[in-house]
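Asker: Give me coordinates for this.
(chains A and B)
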Amino acid sequence: EAGVTQSPTHLIKTRGQQATLRCSPISGHTSVYWYQQALGLGLQFLLWYDEGEERNRGNFPPRFSGRQFPNYSSELNVNALELEDSALYLCASILGRWGYTFGSGTRLTVV
Amino acid sequence: EDKVVQSPLSLVVHEGDTVTLNCSYEVTNFRSLLWYKQEKKAPTFLFMLTSSGIEKKSGRLSSILDKKELFSILNITATQTGDSAIYLCAVETSYLSQGAQKLVFGQGTRLTINP
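Answerer: Below you'll find the model as predicted:
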């Protein structure tokens, strides 16, 4: 069974640009979570999608948005990038309420 | 605001030592507490704890939850260099009225095992 896959692995953008990160959950998993892990910090909850709907969002500005597609894959968009957006962005999928499985993440660097 | 605090933030020990990592939490609508090991990028699941006082064990790792005092510990005995990683504690919370749920993470403990 393929795990959670994220792309790209690394992304370098300049301040003010937009970044798009992608996540494919484990087959059959309908929920996708996005987390931000800045250097030296724990994982901060960003967004939760389930069955194509945004169910919950963390304390992040509206520049952070996303969506979930009919095949349950998800996209995270970050607009008007700022230097402090540089972080590892992790996606996790679950089926029901058990078994959060994380992808390997996208390392976003804003210069 | 939901909060999870881990201590210590960093720990350096010698191979063979036993370590205890701490996790305390203050959340509304607690559902479970999870421990993860993060070596490079993807955190990998270690334990899920839902009941107080019941030890979960996997090899040299064990964990227990105290829901009265709102904390959990992760023990690693006979440590090996391969145990070097960041250990993350997360609490699963729910918002029953909205059917929402999420994991709230602590800052992590960076464990370094020296040979």
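Asker: lowest-pLDDT helix or strand in chain A?
Answerer: One helix or strand of chain A scores below all others by mean pLDDT, DSSP states H and E: strand A:98-102, with a mean of 79.
Asker: Give me the three-state assignment for residue B:101.
Answerer: Following DSSP: H, G, I helix; E, B strand; the rest coil, we place residue B:101 in the strand state.
Asker: Is it in contact with residue B:90, as I believe?
Answerer: No: at 11.8 Å, residue B:101 does not count as touching residue B:90 under the criterion of C-beta atoms under 8 Å. Every C-beta, even on glycine, is put in place using the N, C-alpha and C of the backbone.
Asker: Which one of the two is surrounded by more residues?
Answerer: A count of neighbours by other C-beta atoms under 10 Å in any protein chain shown puts residue B:90 above the other of residue B:101 and residue B:90, at 27 against 21.
Asker: do you know how far that one is from chain A?
Answerer: Residue B:90 sits 7 Å away from chain A, going by C-beta to the nearest C-beta, to the nearest Å.
Asker: Could you identify the helix or strand that succeeds the least confident helix or strand of chain A?
Answerer: Downstream of strand A:98-102, the next assigned helix or strand under DSSP states H and E is strand A:106-110.
Asker: tell me which strands and helices that following strand is in contact with?
Answerer: Applying 3 or more C-beta pairs under 8 Å, 6 or more residues apart in numbering or on different chains; DSSP states H and E, we find strand A:106-110 packed against strand A:10-13, strand A:19-24, strand A:87-95.
Asker: is it possible to export these to a markdown table including mean pLDDT and mean neighbour count?
Answerer: Output for these, formatted as a markdown table (pLDDT from 0 to 100; neighbours: other C-beta atoms under 10 Å in any protein chain shown):
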| stretch | mean pLDDT | mean neighbour count |
| --- | --- | --- |
| strand A:10-13 | 97 | 14 |
| strand A:19-24 | 98 | 20 |
| strand A:87-95 | 91 | 23 |
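Asker: of all those strands, which lies closest to residue B:25?
Answerer: Evaluated over those, closeness to residue B:25 peaks at strand A:87-95, with 19.1 Å, by C-beta to C-beta.
Asker: and that closest one with strand A:19-24, angle?
Answerer: Here strand A:87-95 runs at an angle of 30 degrees relative to strand A:19-24 (axes from the mean of the first three to the mean of the last three C-alpha atoms, to 10 degrees).
Asker: Taking their axis directions, strand A:87-95 and strand A:106-110 sit at what angle?
Answerer: Between the axes of strand A:87-95 and strand A:106-110, defined by the same axes, to 10 degrees, the angle is 150 degrees.
Asker: ok, strand A:87-95: who's next to it in the sheet?
Answerer: strand A:31-37 (antiparallel), strand A:98-102 (antiparallel), strand A:106-110 (antiparallel) (DSSP bridges).
Asker: Columns mean neighbour count on top of those strands, output as a markdown table?
Answerer: Formatted as a markdown table, the strands paired with strand A:87-95 follow (neighbours: other C-beta atoms under 10 Å in any protein chain shown):
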| stretch | mean neighbour count |
| --- | --- |
| strand A:31-37 | 24 |
| strand A:98-102 | 17 |
| strand A:106-110 | 19 |
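Asker: can I get the ones you listed in CSV with distance to residue A:73?
Answerer: Output for these, formatted as CSV (distance: least, C-beta to C-beta, whole Å):
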stretch, distance to residue A:73
strand A:31-37, 8
strand A:98-102, 14
strand A:106-110, 14
